[in-house]
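Asker: after the sequence you'll find the predicted model.
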Amino acid sequence: MSHFNKQWVPAPAAEHVVVQEIRKRVVDRLRNAGPVISAEHQAIVRSEVDSWVARRAQAGHVLPPVELETQLAAAVLAEMSGVGRLEPLLERPDVENIHIHGHDRVFLELSTGEIERHPYPVADSDADLIERLSAMFAQLGQTAREFSRANPIGNLHLPMGGPLGSRLAAVIEVSGRPNVAIRRYRLTDTTLEDLVREGTVDGLLVEVLRGAINAGCNIVVSGGPAAGKTTLLRTLCQEISPAEHLLTVEDERELGLELFAQHPMVTAWEARLPNAEGAGSITMDELLKQALRHSPHRVIVGEVRGGEVTSMLRALGNGAYGGMCTLHATSAHAVLDRIASLGTLADPPMPIEAAYRWTAAAVDLVVHARKRDTRQGRERFISEIVEIGQVGENGRPDTTTLFSPRPADGRAVPSYPPSPALLARLREHGVDPRIWSEFPDGTWQPGVLR
């Protein structure tokens, strides 16, 4: 039996009672058996389902179909995993986001951009949903954390939902009903060729991005919410040589490079929130300051949201080779001011002029990703690539727009060639300078755009 039946849906009230009855028996057996591995766990659940069927037969009831037995086993496993009736939603490959506005108002945001109303509640009541959330925060995170009226806002990484898990954000008390948003990490082991098929990049962008990675350019991947920044960053990392030691620093672990055979030497660090007593926190800033002591070939930083941007710039600008990070920004050119504003949140604050100087020294390229919903579905694509140069007379870094948005649809097409120094680096790694003279409309293939 597979660990979870992805077709299982929440049971009616009577069946839910059966699930709880079987769950209690399983818990009692596990308590008496001591530690068990996952396969033994599943076997005990299957055994208790079989016992329940046998008791029904002895009582003269009609035997349930085999499909129901499988559903019951999956339901019990889901209850015991901590996520309960959310489990089948987390395992649906077409679901990108789950939005919960109370226990019985559940909406699924699909990868196409469509919104689907889920017909079943995910808990018995709002109070039951809050109780389940509290248990998840206590059991499933790096450290046990309190989620309650006293601490009504929480974020949690779930181990369910795919190879990289999923991210849960929950809020209570400030609205009439509990609000939960869960983001699934759908695309994991992707390549640049996969992104061509998805319509995210064209062949020219592949050539330039691959050349930039191999040339050791420091790259900021920018974009708005859900624009595909993390997927793009993870894909760019797939171009890095397996012989290199990568060190990743993230607020919430999303990249998952350590899970792939492509990169046998990955040091993956994740910031840690304080426990219920308020102790034990480890910040991204602290991890970034420690990073270079571990002699990585490249430092890869997940999303930069605050004052840790100064440590990120220090890590990339201190002679580092080919580092990368993601950043929320409305455009590639907006990244400069975004970094400067985040620098003011550091302790001590970084002056804006210093932030510009550090950015010029640390960043070579900004690659901007964009999301767009159309009648044909949701599209994600690269819209800009900008080279960051030295600080100019106005006190800001000079910029060169290598690829700019195509007026018709916003997709990136060649604009201006790189500076001579950067072009020389790119040419050493297979980038043809004719990209900027012979392909004004790029090489986007309409047949693959979705």
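Answerer: Sure thing, it's come through.
Asker: tell me the mean pLDDT over stretch 353-372?
Answerer: What stretch 353-372 shows for mean pLDDT is 97.
Asker: mind saving the C-alpha coords of it as PDB?
Answerer: Only the C-alpha atoms of stretch 353-372 are listed here, as PDB (Å, rounded to 0.1, in the frame of the first residue of the first chain):
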ATOM      1  CA  GLU A 353      25.200  55.500  -0.500                       C
ATOM      2  CA  ALA A 354      27.100  52.600   1.000                       C
ATOM      3  CA  ALA A 355      24.400  50.200  -0.200                       C
ATOM      4  CA  TYR A 356      24.800  51.400  -3.700                       C
ATOM      5  CA  ARG A 357      28.600  50.900  -3.500                       C
ATOM      6  CA  TRP A 358      28.300  47.500  -2.100                       C
ATOM      7  CA  THR A 359      25.800  46.400  -4.700                       C
ATOM      8  CA  ALA A 360      28.000  47.600  -7.500                       C
ATOM      9  CA  ALA A 361      30.900  45.600  -6.000                       C
ATOM     10  CA  ALA A 362      28.800  42.400  -5.300                       C
ATOM     11  CA  VAL A 363      26.200  42.000  -8.100                       C
ATOM     12  CA  ASP A 364      26.900  41.400 -11.800                       C
ATOM     13  CA  LEU A 365      23.400  40.700 -13.100                       C
ATOM     14  CA  VAL A 366      19.800  41.000 -12.100                       C
ATOM     15  CA  VAL A 367      17.400  38.500 -13.800                       C
ATOM     16  CA  HIS A 368      13.800  39.500 -13.400                       C
ATOM     17  CA  ALA A 369      10.900  37.000 -13.500                       C
ATOM     18  CA  ARG A 370       7.300  37.900 -14.100                       C
ATOM     19  CA  LYS A 371       3.900  36.200 -13.600                       C
ATOM     20  CA  ARG A 372       0.900  36.900 -15.800                       C
END
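Asker: list the buried residues for that stretch?
Answerer: Within stretch 353-372, the residues that count as buried by 16 or more other C-beta atoms under 10 Å are 355-371. All C-beta atoms are positioned from the backbone trio N, CA, C, and that covers glycine.
Asker: one more: stretch 232-251?
Answerer: Residues of stretch 232-251 classed as buried by neighbour count (16+ other C-beta under 10 Å): 232-240, 246-251.
Asker: packing partners of the helix or strand containing residue 337?
Answerer: For residue 337, the element it lies in under DSSP states H and E is helix 335-343. Here helix 335-343 touches strand 219-223, helix 309-317, strand 324-328, helix 352-362, going by 3 or more C-beta pairs under 8 Å, 6 or more residues apart in numbering; DSSP states H and E.
Asker: could I get the full set of helices for the stretch 151-300 of the chain?
Answerer: Counting by DSSP state H, counting those that start in this stretch, the stretch 151-300 of the chain has helices at residues 192-198, 203-214, 229-237, 284-291.
Asker: would you list those helices in JSON lines and tack on mean pLDDT?
Answerer: Listed next are those as JSON lines, based on pLDDT from 0 to 100:
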{"stretch": "helix 192-198", "mean pLDDT": "94"}
{"stretch": "helix 203-214", "mean pLDDT": "98"}
{"stretch": "helix 229-237", "mean pLDDT": "95"}
{"stretch": "helix 284-291", "mean pLDDT": "91"}
